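Student: I'll drop the sequence and a predicted model, then ask my questions.
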Amino acid sequence: MYEKIVAPTTGSKITFKDGLPIVPNDPIVPFIRGDGTGVDLWPASQKVIDAAVEMAYGGQRKINWFKIYVGDEACDVYGTYQYLPQDSLDAIKEYGVAIKGPLTTPIGGGIRSLNVALRQIFDLYACVRPCKYYAGTPSLHKTPELLDVIIYRENTEDIYLGIEWAKGSEIGKKLIEFLNNELIPATPEHGKKQIRLDSGIGIKPISKTGSQRLVRRAITHALRLPKDKQQVTLVHKGNIMKYTEGAFRDWGYELATTEFRELCVTERESWILGNKEKNPDITLEDNARQIDPGYDALTPEKQAKIRQEVADVLFAIWESHGSGQWKEKIMVNDRIADSIFQQIQTRPAEYSILATMNLNGDYLSDAAAAIVGGLGMGPGANIGDECAVFEATHGTAPKHAGLDKVNPGSLILSGVMMLEYMGWQEAADLIKKGLGAAISNGEVTYDLARLMEPPVPELKCSEFAEAIIKHFAD
């Protein structure tokens, strides 16, 4: 079946039903060591994961690891520019769940990003990035412990689809001319706008299908959280990009209020219901005035629209959501993208799950990770309906490769996410416990040690793994 890799002779396949994994007690899991410091990170991470599974289940469960090749290591095995061999793609498809270390950006070979390629090949549409603080982790923020968010980033659309043309390219010039001469003049709202002829040009597709399947996963995840964390915030720049990012917001609300109607309430609905609860005799107009402070300055037509919104909400969900019932529902709200960057720093405790598009999610996940200790402590997962790939979220740091120096926290915590996805929560909890205890005890790699006050000795990558395992028994 494979050209240059050999699957384990023991173990079983993970299968999928309705987008969820069915996991045997002896799953075969492909792993990609990763480039650069992957040579240090993966052995440390595998050791921690295996130790946690052994301690949690006493031999009743075991991961059978399957080494596959992607990135520079693949080129060593398969030849120049063979960064993404078919063997590895077949193995990921066959076994469903994989984990990988950091991968380099290829030079030549026609692949812009191996990470993006894997997401698109397997339709891994949900990039999931938890950002949670572990006590003792150095942070420049005064209260990093207040941030505990999970970012759901749409992984397959937006500008990351990579449909663009360079300045001066034949197709690029044709497209600009077509837009300037035909499409823009035919769209009155664009007025006399024109695209400069010396522009590079890209396409930003945002689909209803892509938006709603991401929000569906975010809401489903919220159901598993404690009641006070059951909130999904749609992050967008819809005030500027109305038909892409604004549509993402609208489609998210549509999904929440149809497919999840009995389980969800929107922020605006909660205001309407709350006003009625405080004052049962409140008029539609006064309720409208309270939910929209600019009501009196609006045109009569817009005022009528808001009054109708109030009436519709009360008619549709007062019985199921009124009289305080909405407080037990998942809250769905939305925030403008640039505002949320500020708010996760100034009001972090107000947010739980952030669902957004590809570019926003890229920026936001790194910004949130910086608050709780940096990408060295930031795990990641790419999840689809029939496949999931868990990954370190940082770069390859090739100058540190082979020195047994770097922090394996990101890859280890990605392993935690993988175990949770598989339903092996006991093993996942052991790793989180051990990691938290090691950091609190000052047993950390150089990147954290150099920022701690008072200073602590730095551990090697492998020693940090041993410290985590040691604290399993605490």
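Tutor: Now that the structure is in, tell me what you want to look at.
Student: drop to CA atoms for contacts and neighbour counts, all remaining ones
Tutor: Noted.
Student: now what about the host helix or strand of Ala428, what contacts it?
Tutor: According to DSSP states H and E, Ala428 maps onto helix 425-440. Helix 425-440 has contacts (Cα atoms under 8 Å, 6 or more residues apart in numbering) with 48-49, 52-53, 55-57, 134-137, 413, 415-417, 419-420, 444, 464, 467-472.
Student: For Gly324, see how far away Asp286 is.
Tutor: For Asp286, the distance to Gly324 (Cα to Cα, to the nearest Å) stands at 20 Å.
Student: returning to that earlier point: make a ChimeraX selection of the buried ones in the contacts of helix 425-440.
Tutor: Here is the ChimeraX command that selects the buried residues among these (16 or more other Cα atoms under 10 Å):
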select :48,49,52,53,56,134,135,136,137,413,415,416,417,419,444,464,467,468,469,470,471,472
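Student: As CSV, could you dump the C-alpha coordinates of the lengthiest helix in the chain?
Tutor: If you go by DSSP state H, the chain has its longest helix at helix 300-321. Provided in CSV are the C-alpha atoms of helix 300-321 (Å, rounded to 0.1, in the frame of the first residue of the first chain):
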residue,chain,number,x,y,z
PRO,A,300,-39.5,56.1,11.2
GLU,A,301,-38.8,53.1,8.9
LYS,A,302,-35.8,51.9,10.9
GLN,A,303,-37.7,52.5,14.2
ALA,A,304,-40.5,50.4,12.9
LYS,A,305,-38.0,47.6,12.0
ILE,A,306,-36.6,47.5,15.5
ARG,A,307,-40.1,47.5,17.1
GLN,A,308,-41.0,44.6,14.8
GLU,A,309,-37.8,42.8,15.9
VAL,A,310,-38.8,43.1,19.5
ALA,A,311,-42.3,41.8,18.8
ASP,A,312,-41.0,38.9,16.8
VAL,A,313,-38.6,37.8,19.6
LEU,A,314,-41.2,38.0,22.3
PHE,A,315,-43.7,36.0,20.1
ALA,A,316,-41.2,33.4,19.1
ILE,A,317,-39.2,32.6,22.2
TRP,A,318,-40.8,34.2,25.3
GLU,A,319,-42.4,30.8,26.3
SER,A,320,-39.1,28.9,25.8
HIS,A,321,-36.6,31.5,26.8
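Student: In it, which residues are buried?
Tutor: Quick answer for helix 300-321 (16+ other Cα under 10 Å): 303-304, 306-307, 309-311, 313-314, 317-318, 321.
Student: neighbouring contacts of the helix or strand harbouring Ser410?
Tutor: Taking DSSP H and E as the definition, Ser410 sits inside helix 409-422. By Cα under 8 Å, 6+ apart, the residues outside helix 409-422 that reach it are 21-23, 41-42, 45-46, 48-49, 99-101, 375-381, 390-394, 425, 427-429, 431-432.
Student: And the helices in the stretch 51-200 of the chain?
Tutor: 72-78, 86-95, 114-121, 170-178 (DSSP state H, counting those that start in this stretch).
Student: can you tell me which of the ones you listed the model trusts least?
Tutor: Sorting the helices of the stretch 51-200 of the chain by mean pLDDT places helix 114-121 lowest, at a mean of 89.
Student: distance between it and the chain's centre?
Tutor: 15 Å (Cα atoms, centre = their mean, to the nearest Å).
Student: Could you give the bridge partners of the spatially most central residue of the chain?
Tutor: Among the residues of the chain, the one closest to the centroid is Val128, at 2.5 Å (Cα atoms, centre = their mean). Beta-bridge pairing of Val128 under DSSP bridges involves Tyr152, Ala381.
Student: follow-up on the earlier one: angle of the helix holding Ser410 against helix 425-440?
Tutor: If you take axes from the mean of the first three to the mean of the last three Cα atoms, to 10 degrees, helix 409-422 sits at 160 degrees to helix 425-440.
Student: isn't Ile272 right next to Val310, touching?
Tutor: Yes. Assessed by Cα atoms under 8 Å, Ile272 is found in contact with Val310 at 6.4 Å.
Student: Name all residues that make contact with Arg335.
Tutor: Counted by Cα under 8 Å, 6+ apart, Arg335 has contacts 233-236.
Student: Among those residues, which are located in helices?
Tutor: Using DSSP H, none of the contacts of Arg335 sit in helices.
Student: Report the buried members of those.
Tutor: 233-236.
Student: about what we covered before: please produce CSV containing the helices of the stretch 51-200 of the chain, extended by distance to Asn360 and mean neighbour count.
Tutor: Output for the helices of the stretch 51-200 of the chain, formatted as CSV (distance: least, Cα to Cα, whole Å; neighbours: other Cα atoms under 10 Å):
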stretch, distance to Asn360, mean neighbour count
helix 72-78, 29, 18
helix 86-95, 28, 18
helix 114-121, 15, 16
helix 170-178, 25, 15
